[in-house]
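> Provided below for reference: sequence and predicted model.
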Amino acid sequence: MTDLLYQTDSYLRKFDAVVTAVDPENRAVVLDKSAFYPGGGGQPNDTGQLTLQSGVVYAVTKVKKQGSDVLHFLGEDQSLPEVGSQVHGQLDWEHRYLLMRTHTALHVLCGTVFRDYGALVTGGNMEPGKGRMDFEFERLQGELVGEIEAAVNREAQAGHDVRVKILPREEAFQIPDLIRTKINLLPEGIMEVRTVEIVGLDLQADGGTHVRNTSEVGTIKVVDYKSKGAINKRIYIELV
Ligand SMILES: [Zn+2]
């Protein structure tokens with residue numbers, strides 16, 4: 001089982017850990033703890049490096065969750081570390097921080113569109129610096145795009161704090177905002193729910209990494225929108 005350091009500190013970019021399992025076939029290792037985000041909820045996985053005490057450096061090319069373990073896939077062809085080895089992990093911070101800004105920007109979009117138009121989110125995806133969200137948003141037309149862009153930038157610049165909490169399942173299920181974002185779809189076995197709140201704007205069950213204040217997001221551009229049917233609409237954003 002890997003302790004997920006990014007869940008409580010998204011700004012942690014270096015950490016020390018111990019190898020708890022090795023998968024030679026996939027050139028992957030499991031660590032007792034990790035700051036690498038393994039991907040999920042529309043946010044891509046982190047990349048970076050692992051360094052052994054001997055000085056051997058491995059590129060971490062991919063990271064993936066497997067049950068309660070996080071698998072770190074190692075590039076190059078040096079021999080793999082042994083179980084029990086101490087490693088120093090380092091994230092590709094430029095990549096991760098841009099994803100944090102992008103992910104928070106998408107939540108600003110989601111919170112603003114719900115508040116102003118009552119439209120619910122049905123899905124989303126992102127790359128560093130850009131992303132899209134799908135809404136049940138029958139009324140969305142070209143004229144609204146400028147209005148939405150102005151509103152999300154007002155909210156980003158307003159400097160809302162972003163708060164992360166880990167709540168017992170029963171407690172989370174009492175929160176109306178979480179019910180709206182379909183928390184009831186969470187699998188039954190999950191006893192704790194991690195929530196991400198943009199104070200005063202948005203609250204969601206979310207496993208991703210976010211900036212601590214919306215002022216770090218910068219300027220958001222609504223670059224396109226698409227109709228995916230009478231009700232379902234997709235909005236594309238980019239960070240400037
Ligand atoms: Zn999210």
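Cool, got the structure. Numbering: from 1, shown residues only.
> Quick check on Asp23: phi, psi?
Backbone geometry at Asp23, expressed as degrees, to the nearest 10, gives phi -120, psi 90.
> Quick check, the residue in the chain closest to the ion?
Relative to the ion, the nearest point of the chain is Asp206 (4.2 Å; Cβ to the ion). Using the backbone N, CA and C atoms, a C-beta is placed for each residue, glycine as well.
> Work out for me the element the residue lying closest to that residue once chain neighbours are set aside sits within.
Take Asp206 and drop its neighbours on the chain: the residue closest to it by Cβ to Cβ, 6 or more residues apart in numbering is Val196, 4.2 Å away. Here Val196, judged by DSSP states H and E, is contained in strand 192-198.
> Kindly report the same for Asp9.
Residue-wise, Asp9 maps onto no helix or strand under DSSP H and E.
> Now it. Nearest residue, chain neighbours left out?
Ala35 (7.6 Å).
> what's near enough to touch Glu82?
Counting by Cβ atoms under 8 Å, 6 or more residues apart in numbering, Glu82 touches 19, 22.
> Give me the secondary structure label for Met100.
helix (DSSP: H, G, I helix; E, B strand; the rest coil).
> residues touching it, list them.
10, 209-211, 216.
> of all those residues, which comes closest to Asn153?
Ranked by distance to Asn153 (Cβ to Cβ), the contacts of Met100 are led by Glu216 at 13.7 Å.
> Distance-wise, check the nearest residue to the closest one once chain neighbours are set aside relative to Gly89.
Nearest residue to Glu216, sequence neighbours excluded (Cβ to Cβ, 6+ apart): Arg101, at 6.1 Å. Distance, Arg101 to Gly89, by Cβ to Cβ, to the nearest Å: 22 Å.
> which regions of this protein lie under the pLDDT threshold?
Counting by pLDDT under 70, the chain shows low-confidence ranges at 179-185.
> Name the residue closest to the centre of this structure, please.
Gly208 (2.6 Å; Cα atoms, centre = their mean).
> State the number of residues packed around the nearest residue to it once chain neighbours are set aside.
The shortest distance from Gly208 to any non-neighbouring residue, by Cβ to Cβ, 6+ apart, is to Gln43 (4.4 Å). The number of residues packed around Gln43, counting by other Cβ atoms under 10 Å, is 26.
> What of His160?
Applying other Cβ under 10 Å, we find 22 other residues in the vicinity of His160.
> which residues sit in contact with it?
Going by Cβ under 8 Å, 6+ apart, His160 touches 108, 198-201, 213-214.
> tell me which element the closest residue to Ile148 other than its chain neighbours falls in.
Nearest non-adjacent residue to Ile148, counting by Cβ to Cβ, 6+ apart: Val222, 5.8 Å away. Using DSSP H and E, Val222 maps to strand 220-227.
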